[in-house]
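# sharing a sequence plus its predicted fold:
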Amino acid sequence: VAAETVPAGAAPTQPPDYACGWALHPASEAGYYHHLRFSPPVSLLEAPGTANLGAVRVTRHGPWRALWLDGFEQGLAYDARFRPKASLKASSASAQERFAHDPHALGFEYVRAMATAALASVGAAELEGRFRGLRHRALCVGLGAGSLPAFLANAFLEAPPSFFRVEAVEIDRDVVTAAREALGVAFRLSDEAETRRSPGAAAEEARSDEETERETREVFFSRGSPRRKPRAFGLHLDDAARFVRRLVDSNAHARSGWTESQQSRFALVCLDAYDGKGAVPARLRARAFLRDARRALAPGGAIVANCFYGPPGSRARGDLLAFCEALGGDVPGACDVRVRLVKVEGQESNVVVVAETARREPGAFSSRAAFRGALAAAAARVPAEARAALCDGDRVEVLEVSEALAGAYEEREADEEAKALTPVAHV
């Protein structure tokens, strides 16, 4: 039994409460760490990986399944049908058969912060009428355990799927296999030819989404409540840098009017791709890729990225500064953006970087009040399960890059000054 003292008038605990959260919020990160400690691990899948990013492995800990690349966790999946008492009697085989991926369980706190920032950005655009009557597209770079694209695909269930299309791009075929076979993630795999949008692609995608929607009428019980079968997202097995480059080239040559051009861009681009060493692959942190990601954004859209936020003087802090500068610089053919940081509560080593395109209004991340309003506008359109998975808007802290990384600026200037003063030996 977990218990905590709550002062009069105070709100009950919220994630990330690592002391009691496992009982009060079992589908949170605290619940995962509880089972990591007390549920014997079971290996479900092992594969060498196909992209030189690390060996792929899936382990089960109670209702949780974790995807690993070498020694680094890449994401979590939660069993929507999990019942503590029933699970004690279940064998490994029956548990494997019974597992049902919960699209509203985000797992790690940084994924929760990314989802919250993403929905706040959509909410701000909706308040301005930016995407009214147009199709939303969201792109997740890096599949991982599929928690973020699955959440986004199921967040706006009240809207027709043709108006909010979520896609992910993943380079490692073994990760895709693990997501489908061991994690139960619902997605539609596209081949390389389908990534090139033909003139009739929008109509074909809308018909495909409508067919998928008819297939998701099945109801099952999740956490004690009836729920519809999860909506699938589109998945491209491809190198993300190459995929986005093709999209940008296609948009540049289309020249077919504002509406169609905007619909071929993304309202959201979410970046969360790491290798087995815990580093972003070089091609996905290169300035060329970040510029292409900017060009792929629709007006009113945003890029949301998971980054490391090391202590002052660390290499991670300097890398974060370079990433923000590359993301926020002047990019011909792209909308101007304002880069800010969203802190991940309880995880000081992570930060969510948000590059929000210029708006008529200040934007979702300009102040705490603006963030709360934008998040409320989006949350009003999502199911209760999705709202419960989001961060509390009153507790989200948004930082200006210049404020959060002031020390990194000073350290870089000092290094440059020292280099300039270092005498050069002539031979």
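Happy to help now that I have it.

# okay, now the unreliable bits of the stretch 301-427 of the chain?
359-361, 406-427 (pLDDT under 70).

# likewise the chain?
1-23, 84-97, 131-135, 157-163, 191-228, 253-263, 359-361, 406-427.

# which elements pack onto the longest helix anywhere in the chain?
Scanning the chain for the helix with the most residues, using DSSP state H, yields helix 109-127. Using 3 or more Cβ pairs under 8 Å, 6 or more residues apart in numbering; DSSP states H and E as the contact test, the elements touching helix 109-127 are helix 147-155, strand 266-271, strand 297-308, strand 337-343, strand 350-357, helix 368-379. Bear in mind the C-beta positions are built from the backbone N, C-alpha and C, glycine included.

# list the contacts for the spatially most central residue of the chain?
Centre of the chain computed as the mean C-alpha position; nearest residue by Cα atoms, centre = their mean is L148, 4.4 Å away. Neighbour list for L148: 106, 111, 114-115, 140, 270, 272 [criterion: Cβ atoms under 8 Å, 6 or more residues apart in numbering].

# nearest to R340 among those residues?
Lowest distance from R340 to the contacts of L148 (Cβ to Cβ) belongs to M114, with 13.7 Å.

# the closest one against L271, yeah?
No. Applying Cβ atoms under 8 Å as the test, M114 and L271 come out as separate, 9.1 Å apart.

# list the contacts for A150?
If you count contacts by Cβ under 8 Å, 6+ apart, A150 has them with 101, 103, 185-187, 230, 233.

# do F108 as well
For F108, the contact set (Cβ under 8 Å, 6+ apart) comprises 29, 32, 73, 75-76, 147.

# in strands, which of those appear?
Counted as lying in strands by DSSP state E, out of the contacts of F108, are 73, 75-76.

# gap between L139 and L297?
Here the distance between L139 and L297 works out to 10 Å (Cβ to Cβ, to the nearest Å).

# those two - which one has more neighbours?
Taking neighbours as other Cβ atoms under 10 Å, L139 and L297 compare with L139 leading, 28 against 23.

# which of the helices or strands spans that one?
Element membership for L139 (DSSP states H and E) is strand 136-141.

# can you check which residues contact both of L139 and L297?
Common contacts of L139 and L297 (Cβ under 8 Å, 6+ apart): 266, 269.

# one step back: okay, the contacts of L148 in CSV with distance to R60 next?
CSV is the format used below for the contacts of L148 (distance: Cβ to Cβ, whole Å):
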residue, distance to R60
L106, 18
V111, 19
M114, 24
A115, 24
C140, 24
C270, 26
D272, 22
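
# as a markdown table, the contacts of A150 with distance to E345, neighbour count and secondary structure would be great.
Output for these, formatted as a markdown table (distance: Cβ to Cβ, whole Å; neighbours: other Cβ atoms under 10 Å; DSSP: H, G, I helix; E, B strand; the rest coil):
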| residue | distance to E345 | neighbour count | secondary structure |
| --- | --- | --- | --- |
| H101 | 25 | 21 | strand |
| P103 | 22 | 33 | coil |
| V185 | 26 | 27 | coil |
| A186 | 29 | 21 | coil |
| F187 | 29 | 23 | strand |
| P230 | 27 | 24 | coil |
| F233 | 27 | 27 | strand |
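
# got JSON lines for those, with distance to C335 too?
Listed next are the contacts of A150 as JSON lines, based on distance: Cβ to Cβ, whole Å:
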{"residue": "H101", "distance to C335": "35"}
{"residue": "P103", "distance to C335": "30"}
{"residue": "V185", "distance to C335": "31"}
{"residue": "A186", "distance to C335": "32"}
{"residue": "F187", "distance to C335": "29"}
{"residue": "P230", "distance to C335": "32"}
{"residue": "F233", "distance to C335": "25"}
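
# which one of the residues you listed is nearest to A379?
P103 (16.3 Å).

# was I right about that closest one contacting K229?
No. At 9.9 Å, P103 does not count as touching K229 under the criterion of Cβ under 8 Å.

# residues touching the residue lying closest to V122 once chain neighbours are set aside, list them.
With sequence-adjacent residues excluded and distances taken as Cβ to Cβ, 6 or more residues apart in numbering, V122 is closest to A378, at 5.1 Å. A378 is in contact with 119-120, 122-123, 126, counting by Cβ under 8 Å, 6+ apart.
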